[in-house]
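1. A structural model of the following input is requested.
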Amino acid sequence: MTAICEYKPGLENIPAAQSSISYVDGQKGILEYRGINIEELAEKSTFLETTYLLIWGALPTKEELLAFEHDIRYHRRIKYRIRDMMKCFPETGHPMDALQASAAALGLFYSRRALPDPSYIRQAVVRLVAKIPTMVAAFQLMRKGNDPIQPRDDLDYSANFLYMLNEREPDPLAARIFDICLTLHAEHTMNASTFSARVTASTLTDPYAVVASAVGTLAGPLHGGANEEVIDMLEEIGSVEKVRPYIENCIERKSKIMGFGHRVYKVKDPRATILQKLAEQLFEKFGYDKYYDIALELERVIEEKLSHKGIYPNVDFYSGLVYRKMGIPTDLFTPIFAIARVAGWLAHWNEQLAENRIFRPTQIYTGDHSMPYVPIEKR
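-> A predicted model of the protein is given here:
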């Protein structure tokens with residue numbers, strides 16, 4: 001007799017893989033990449049160094065990091081056919097849809113559907129990490145009717161992306177803060193998009209399809225799209241005085257409050273704490289944002305009313321305010337999340353390949369049995 005499996009919606013608390021890439025303690029608010037605390041990486045590392053750490057399991061030597069940065073720097077440009085394809089995308093389309101299509105298109109040029117060797121893995125990592133930001137910036141300009149801006153080889157990873165977005169060299173503080181944001185978003189255990197990436201990887205398809213599938217998953221408002229909706233919520237509230245009635249109405253209607261609550265964290269997300277400090281640094285140098293006062297009051301009222309349920313700010317709550325102060329359009333917030341999370345997706349792709357077994361979960365059937373076929377004239 002077949003045992004009946006316990007069904008848990010959303011596979012909650014069911015391990016889907018063994019991994020040494022990242023670790024979360026949701027009760028204590030701890031996030032580690034390869035055992036290194038996220039606060040330490042945000043302060044001392046860079047996004048590309050963190051990417052190397054996530055994918056290959058150890059911090060690089062100086063020579064290894066310089067070689068990795070060099071390879072990324074000189075693989076930022078995209079094929080003209082991909083650029084021409086992107087010009088045909090409707091300007092009203094969401095940038096995440098454009099990114100998913102563009103990431104998949106890379107596979108037309110570099111795909112290899114077989115168990116890859118270390119050389120192919122490195123080439124794929126370099127191409128995806130280098131080219132994804134270029135495609136995001138290119139679509140942003142092309143949907144305005146402008147030609148994309150070519151990458152600058154003299155600029156580092158984050159400064160180059162901001163340059164391609166605005167055609168001006170960014171302030172060093174803004175570039176450094178943006179780089180920290182990428183580090184904070186680079187990896188977060190078995191979230192929905194990472195699970196999607198690992199399922200896709202388990203079929204031994206190419207890494208471009210892996211990233212494209214993960215981008216499609218990240219696009220949802222319950223995952224990466226939440227930071228866009230936080231800004232919409234702040235604009236809807238409009239003033240500090242309206243925060244309490246807004247929250248009370250949400251609680252009464254049992255509606256989701258964007259940027260709050262997390263499936264894992266039952267305390268304030270450590271990334272939210274860092275992002276809040278980054279936002280304050282930007283405000284100090286580039287001017288205050290009135291929506292920050294609304295955000296602070298939101299956090300205060302929700303802590304008063306919902307902290308007993310373990311509902312606190314998550315990574316999406318303050319990230320939008322940081323990007324907004326940098327002048328980044330709201331609908332690019334999630335593509336920027338994807339730029340960062342490519343590092344984590346590729347780390348999981350690489351780890352999945354090491355001891356691969358294709359994902360094939362079961363289900364609990366709830367339908368009928370032995371139903372007769374009804375001829376069409378009798379229906």
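2. I'd guessed Glu299 sits against Pro313; true?
-> Yes - applying C-beta atoms under 8 Å, one finds Glu299 in contact with Pro313, separated by 5.7 Å. Yep, even glycine has a C-beta here, placed from its N, CA and C like the rest.
3. Pick out whichever of the two has more residues nearby.
-> When Glu299 and Pro313 are compared for neighbours, Pro313 comes out ahead with 25 against 20, by other C-beta atoms under 10 Å.
4. and the nearest residue to that one once chain neighbours are set aside, which of the three is it?
-> What sits nearest to Pro313 in space, not counting adjacent residues and going by C-beta to C-beta, 6 or more residues apart in numbering, is Ala272, at 4.3 Å. Using DSSP: H, G, I helix; E, B strand; the rest coil, the structure places Ala272 in helix.
5. where in the stretch 1-150 of the chain is pLDDT low?
-> Low-confidence segments of the stretch 1-150 of the chain, defined by pLDDT under 70: 1-5.
6. Check the gap between Ala101 and Glu63 for me.
-> Here Ala101 is placed at a distance of 37 Å from Glu63 (C-beta to C-beta, to the nearest Å).
7. residues contacting Tyr291?
-> Contacts here follow C-beta atoms under 8 Å, 6 or more residues apart in numbering; on that basis Tyr291 touches Ile231, Leu234, Glu235, Leu321, Arg324.
8. Wait, the first one touches Thr330, no?
-> Put plainly, it is Ile231. Yes - using C-beta under 8 Å, Ile231 is in contact with Thr330, at 5.2 Å.
9. overlap in contacts of the two?
-> With C-beta under 8 Å, 6+ apart applied, the overlap between the contact sets of Ile231 and Thr330 consists of Gly320, Arg324.
10. hang on, the earlier thing: name the residue in Ala101 and Glu63 with the higher neighbour count.
-> Neighbour totals were compared for Ala101 and Glu63, and Ala101 leads with 19 against 8 (other C-beta under 10 Å).
11. Tell me the secondary structure of that one, please.
-> Ala101 falls in the helix class when you classify it by three-state DSSP.
12. Can you give me every residue that contacts it?
-> Under the criterion of C-beta under 8 Å, 6+ apart, the contact list for Ala101 reads Met85, Phe89, Ala212.
13. Can you tell me the element the last one falls in?
-> Counting by DSSP states H and E, the secondary-structure element that holds Ala212 is helix 207-218.
14. mind listing what's buried in that helix?
-> Neighbour counts over helix 207-218 (16 or more other C-beta atoms under 10 Å) mark Pro207, Tyr208, Ala209, Val210, Val211, Ala212, Ser213, Ala214, Val215, Gly216, Thr217, Leu218 as buried.
15. which helices and strands does it pack with?
-> Judged by 3 or more C-beta pairs under 8 Å, 6 or more residues apart in numbering; DSSP states H and E, the packing partners of helix 207-218 are helix 95-110, helix 118-142, helix 192-201, helix 333-354.
16. Deepest-packed of these, please.
-> Among the helices and strands packed on helix 207-218, ranked by average contacts under mean count of other C-beta atoms under 10 Å, first place goes to helix 333-354 (a mean of 24).
17. Just the CA trace of that one, in PDB.
-> This file holds the C-alpha atoms of helix 333-354, laid out as PDB (Å, rounded to 0.1, in the frame of the first residue of the first chain):
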ATOM      1  CA  PHE A 333      13.600  47.900  -9.200                       C
ATOM      2  CA  THR A 334      12.900  44.200  -9.900                       C
ATOM      3  CA  PRO A 335      15.300  43.900 -12.900                       C
ATOM      4  CA  ILE A 336      18.000  45.300 -10.600                       C
ATOM      5  CA  PHE A 337      17.000  42.600  -8.100                       C
ATOM      6  CA  ALA A 338      17.600  40.200 -10.900                       C
ATOM      7  CA  ILE A 339      21.000  41.600 -11.700                       C
ATOM      8  CA  ALA A 340      22.000  40.800  -8.200                       C
ATOM      9  CA  ARG A 341      20.300  37.500  -7.800                       C
ATOM     10  CA  VAL A 342      21.900  36.100 -11.000                       C
ATOM     11  CA  ALA A 343      24.900  35.400  -8.700                       C
ATOM     12  CA  GLY A 344      22.800  33.200  -6.400                       C
ATOM     13  CA  TRP A 345      21.000  31.500  -9.200                       C
ATOM     14  CA  LEU A 346      24.300  30.600 -10.900                       C
ATOM     15  CA  ALA A 347      25.700  29.400  -7.600                       C
ATOM     16  CA  HIS A 348      22.700  27.000  -7.200                       C
ATOM     17  CA  TRP A 349      23.000  26.000 -10.900                       C
ATOM     18  CA  ASN A 350      26.700  25.100 -10.300                       C
ATOM     19  CA  GLU A 351      25.800  23.200  -7.000                       C
ATOM     20  CA  GLN A 352      22.900  21.400  -8.600                       C
ATOM     21  CA  LEU A 353      25.200  20.100 -11.400                       C
ATOM     22  CA  ALA A 354      27.600  18.600  -8.900                       C
END
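18. start to end distance for stretch 183-190?
-> Counting by C-alpha to C-alpha, to the nearest Å, you get 17 Å between the two ends of stretch 183-190.
19. err, stretch 35-53, not the other one
-> First-to-last residue span, stretch 35-53, C-alpha to C-alpha: 10 Å.
20. Give me the residues contacting it.
-> Stretch 35-53 is contacted by residues 23, 30-34, 59-60, 64-65, 68-69, 72, 125, 129, 156-158, 179-180, 182-184, 186, 270-271, 274, 340, 343 when judged by C-beta under 8 Å, 6+ apart.
21. Which ones among those residues map onto strands?
-> Counted as lying in strands by DSSP state E, out of the contacts of stretch 35-53, are Tyr23, Ile30, Leu31, Glu32, Tyr33.
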